[in-house]
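Novice: coords below, sequence missing:
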């Protein structure tokens with residue numbers, strides 16, 4: 001199994017790929033129906049992936065950063081603040097279609113913020129954390145995050161406190177509700 005940095009790096013690469021596709025595609029006013037549908041699909045997957053990723057980080061990654069790094073509380077607080085803002089934007093995007101003018105405005109806001117957050121984690125947090133985690137600890141943390149992502153919510157829940165205890169207790173129930181809603185609506189299917 002992959003260590004924490006491999007798991008999170010793979011997540012980040014997926015997100016960067018989706019951001020690039022969205023950034024390079026024409027906006028709602030210029031796009032054909034096929035492009036509009038594809039943009040909608042990419043945003044749907046972005047929301048699903050980010051929801052799982054952020055919930056898992058808040059349960060396991062940021063508590064580890066707080067516990068193991070001297071400036072961990074400051075770093076975790078800054079990152080969670082960024083993630084909370086992203087959840088707000090994703091929750092709004094989740095209610096729109098790619099034909100809505102607001103859709104493009106929110107993407108214009110989200111894309112640079114997401115890139116900044118990824119850079120913050122990779123450049124400001126990871127180097128210090130790599131120095132204090134043993135290979136075994138990094139492996140165990142990666143496994144916890146991967147399992148949490150697999151069982152995590154598929155929609156942003158910006159009003160859920162980013163508390164590891166709350167997320168571990170309420171997360172599975174919220175994820176079941178999200179997945180039932182996804183099954184009923186067909187959200188996230190690739191047929």
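Specialist: Right, received. Where do you want to start? Just so we're clear, the structure is a prediction, and the values are computed from it rather than from any experiment.
Novice: quick one: residue 47 and residue 94 touch, right?
Specialist: Yes. If you go by Cβ atoms under 8 Å, residue 47 and residue 94 touch, sitting 5.4 Å apart. (C-beta placed from N, C-alpha, C; glycine too.)
Novice: more neighbours, the two?
Specialist: residue 47 (21 against 16; other Cβ atoms under 10 Å).
Novice: for residue 99, what are phi and psi?
Specialist: phi -80, psi -10 (degrees, to the nearest 10).
Novice: so it versus residue 59, what's the distance?
Specialist: 35 Å (Cβ to Cβ, to the nearest Å).
Novice: those two: who's more crowded?
Specialist: A count of neighbours by other Cβ under 10 Å puts residue 59 above the other of residue 99 and residue 59, at 23 against 15.
Novice: what lies in contact with stretch 134-145?
Specialist: Contacts to stretch 134-145, defined as Cβ atoms under 8 Å, 6 or more residues apart in numbering, come from residues 1-8, 56-57, 59-61, 64, 130, 133.
Novice: of those residues, which is the nearest to residue 86?
Specialist: When those are compared for distance to residue 86 (Cβ to Cβ), residue 57 wins out at 11.5 Å.
Novice: give me the buried positions along stretch 91-102.
Specialist: Buried residues in stretch 91-102, counting neighbours by 16 or more other Cβ atoms under 10 Å, are found at 91-94, 96, 98.
Novice: and it, how far apart are its ends?
Specialist: End-to-end distance for stretch 91-102: 13 Å, by Cα to Cα, to the nearest Å.
Novice: ok, and what's touching stretch 98-115?
Specialist: Applying Cβ under 8 Å, 6+ apart, the contact partners of stretch 98-115 are 15-16, 19, 22-23, 27-28, 31, 36-37, 39-40, 43, 50, 82, 85-86, 89-90, 92-93, 96-97.
Novice: ok, back up a step: from the contacts of stretch 134-145, which ones fall inside helices?
Specialist: Counted as lying in helices by DSSP state H, out of the contacts of stretch 134-145, are 4-8, 56, 64, 130.
Novice: just give me the neighbour total for residue 32.
Specialist: 9.
Novice: quick check: end-to-end length of stretch 117-136?
Specialist: First residue to last in stretch 117-136 (Cα to Cα) measures 26 Å.
Novice: residue contacts, residue 150?
Specialist: Taking Cβ under 8 Å, 6+ apart as the criterion, residue 150 is in contact with residue 52.
Novice: how far is the helix or strand hosting it from where the chain is centred?
Specialist: Element membership for residue 150, per DSSP states H and E: helix 135-151. Centroid displacement of helix 135-151 relative to its chain, using Cα atoms, centre = their mean, to the nearest Å, is 16 Å.
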